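Participant: predicted model follows, preceded by the sequence.
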Amino acid sequence: MALLEVTNLVARYGRITALSDVSLTVDEGEVVTLIGANGAGKTTTLRTISGLMRPASGTIRFDGRDITRVAPNEIVRAGIGHSPEGRRVFPRMTVRENLELGAYTRRAKDEIAADIERVLTIFPRLRERYAQKAGTMSGGEQQMLAIGRALMSRPRLLLLDEPSLGLSPKLVQTIFEVIRDISARGTTILLIEQNARQALAVASRGYVLEVGRIAHQGAAADLTASEVVRAAYLGGGA
Amino acid sequence: MTLFVQQLINGLSLGGIYALIALGYTMVYGIIELINFAHGDVYTLGTFFSLAILTLLGVTGIVSGPMLIVVVAVAILGAMLLCGLTGVIIERLAYRRLRNAPKLAPLITAIGMSFILENLMQYWKGPSPIPFPQVIPNPSFAVGAVTVEAKQIMVILLAVVLMMVLQTFVRYSRLGKAMRATAQDKDAAQLMGIDINTTIALTFLIGSALAGAAGFVSGVYYGSTWFFNGFAAGLKAFTAAVLGGIGNIAGAMLGGFLIGLIEAMTTQFIGDQWSNVVVFSVLVLVLIFRPSGLLGESLPNKV
């Protein structure tokens, strides 16, 4: 049984249909990537999964449970962590407070402290910035914080929305290494990326979203090799 | 000089009441960017609730001895609780549905809510000023040529203590952090597992409870109340919140005390009829040079 199972998802912003038919599954332990052009509905898909947006129709099941119309704060408790588009760290709070809020659903203080330590080990930069207000940090640092914060709820499934957007090439490498690392530690990941080549390199499977519907899907290696995907998303036929 | 110091004390006690009301404006604005025009009327309701509790307790004048502490505690806590619940009900009935509506909709609703409360209070206690029992013995202390009354000390102390409790709660408690997170980014707060409906209700509970406390002390301080009490006081307290930097708790306190001081000083040295002119001129001047208010942060939300 799939950990996440999205079936025939339809979502609208007012009269504009953002998702016309999205079905996808993510199995326990997988890294799955969702690629596609701007406006294809990648972010909407993630926002609907984590409950920030209500779908018009379709179902979302997580670990066998129907979470389609469950409130976002309950979905976190069910085990889905979401590092959203645009990072969305709390700008007037320190790195420490942001990480503590990531563990809002948890009570055990010593475990939380251990997890903060783990995040600071993954991202040493955050240790240097620990008492700094998040809004004063660079985009890359905020991205690390957003990922770290999402990890603090100890999610079984981590949703990552464009974690490499706007980062320097070196930092992009770091972020992808971290994604591999998080996956290796047993967290299931659904990754949205514009950087399709890199995304397919870390993922086992991928979905290609085109104007609100799944246009292609398959093993990451097959998608990377596919002529259609190469032409549209991997920068030509090279 | 004596006059100045005397007005300093008068202004601070006046300001204490503004400050307590301003905290509610600033908290609600901070979390849902709504100017809650009904807040001044919740404060008036605080005076009415206090009065009703005192009447129930059979208090019509000054209470002395240990009973005083009991009476004051019951009246303040009772008014805080009732006002707090009123605030929660107002949010639930009038504002929650409009949370994603254009900003103008909840604003107009708040003005409507204000009228509703004023009319209900007029229906309850009539259109004229109502005497409020003195409750506390009010010895005054002569410090040189300056007179300090016990009730002035009570107002100032209560305002400062409540603000410090609030500040500590918001800064360090789990729910306080949830409130700040909700204020800064509602989507992100929900992704942390925060129930923003509960958090916003809690904000209304606390802000309105503080208005209830202000209601009790102002009743004792002025010795009377009436249904329209909250209009002017609410407007000045809102000004105080903006002056201090709306959304900022310490700012609301600072703004409240400043407005009280300006009002007292203007009344003494320029003339009673000029006090509003001076208060609002200071507001305009401050906003020209510091649009985010005295203590307001202007940190960008998006980097």
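Facilitator: In hand now; what should we look at?

Participant: where in the chain is pLDDT low?
Facilitator: Just going to use chain A. Scanning chain A for pLDDT under 70 picks out A:235-238.

Participant: my bad, the chain I had in mind was chain B
Facilitator: For chain B, applying pLDDT under 70 flags the ranges B:298-303.

Participant: please enumerate the strands of it.
Facilitator: B:130-131, B:140-143, B:146-149, B:224-225 (DSSP state E).

Participant: to residue A:203, which of the ones you listed lies closest?
Facilitator: Closest to residue A:203 of the strands of chain B, according to C-beta to C-beta: strand B:224-225, at 67.4 Å. For the C-beta atoms, the positions are set from N, CA and C on the backbone; glycine is no exception.

Participant: partner strands of the closest one, parallel or antiparallel?
Facilitator: Looking at strand B:224-225 with DSSP bridges, its partner strands are strand B:130-131 (antiparallel).

Participant: need the contact list for residue A:172.
Facilitator: Residue A:172 is in contact with A:164, A:195, A:198, counting by C-beta atoms under 8 Å, 6 or more residues apart in numbering or on different chains.

Participant: helix or strand for it, which one?
Facilitator: Assessed by DSSP states H and E, residue A:172 sits inside helix A:169-184.

Participant: residues of that helix that come out buried?
Facilitator: By 16 or more other C-beta atoms under 10 Å in any protein chain shown, the buried positions in helix A:169-184 come out as A:171, A:172, A:174, A:175, A:176, A:178, A:179, A:182, A:183.

Participant: what do you get for stretch B:17-37?
Facilitator: Neighbour-count burial for stretch B:17-37, counted by 16+ other C-beta under 10 Å, picks out B:17-32, B:34-37.

Participant: just the CA coordinates for that stretch, please, in PDB.
Facilitator: Extracted in PDB, the C-alpha atoms of stretch B:17-37 (Å, rounded to 0.1, in the frame of the first residue of the first chain):
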ATOM      1  CA  ILE B  17      -6.100  53.100  31.100                       C
ATOM      2  CA  TYR B  18      -5.300  53.900  27.500                       C
ATOM      3  CA  ALA B  19      -2.400  51.500  27.500                       C
ATOM      4  CA  LEU B  20      -4.600  48.600  28.800                       C
ATOM      5  CA  ILE B  21      -7.100  49.200  26.000                       C
ATOM      6  CA  ALA B  22      -4.400  49.800  23.400                       C
ATOM      7  CA  LEU B  23      -3.000  46.300  24.100                       C
ATOM      8  CA  GLY B  24      -6.200  44.800  22.700                       C
ATOM      9  CA  TYR B  25      -6.100  46.900  19.600                       C
ATOM     10  CA  THR B  26      -2.500  46.000  18.900                       C
ATOM     11  CA  MET B  27      -2.800  42.300  19.600                       C
ATOM     12  CA  VAL B  28      -5.800  41.900  17.300                       C
ATOM     13  CA  TYR B  29      -4.300  44.100  14.600                       C
ATOM     14  CA  GLY B  30      -1.100  42.100  14.900                       C
ATOM     15  CA  ILE B  31      -2.700  38.800  14.300                       C
ATOM     16  CA  ILE B  32      -5.400  39.500  11.700                       C
ATOM     17  CA  GLU B  33      -4.700  43.000  10.600                       C
ATOM     18  CA  LEU B  34      -8.100  44.200  11.700                       C
ATOM     19  CA  ILE B  35      -8.800  47.500  13.400                       C
ATOM     20  CA  ASN B  36     -11.300  46.100  15.900                       C
ATOM     21  CA  PHE B  37     -13.500  49.200  16.300                       C
END
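
Participant: do it and chain A meet at all?
Facilitator: No. Using C-beta under 8 Å from any C-beta of the partner chain, stretch B:17-37 never reaches chain A; the gap is at least 10.5 Å.

Participant: residues from chain A in reach of chain B?
Facilitator: Contacts of chain A with chain B, taken as C-beta under 8 Å from any C-beta, map to A:50-52, A:71-73, A:76-77, A:81-82, A:84, A:86, A:88-93, A:97, A:100-102, A:104-105, A:133, A:135-139, A:142, A:149-150, A:153.

Participant: I am finished for the moment; much appreciated.
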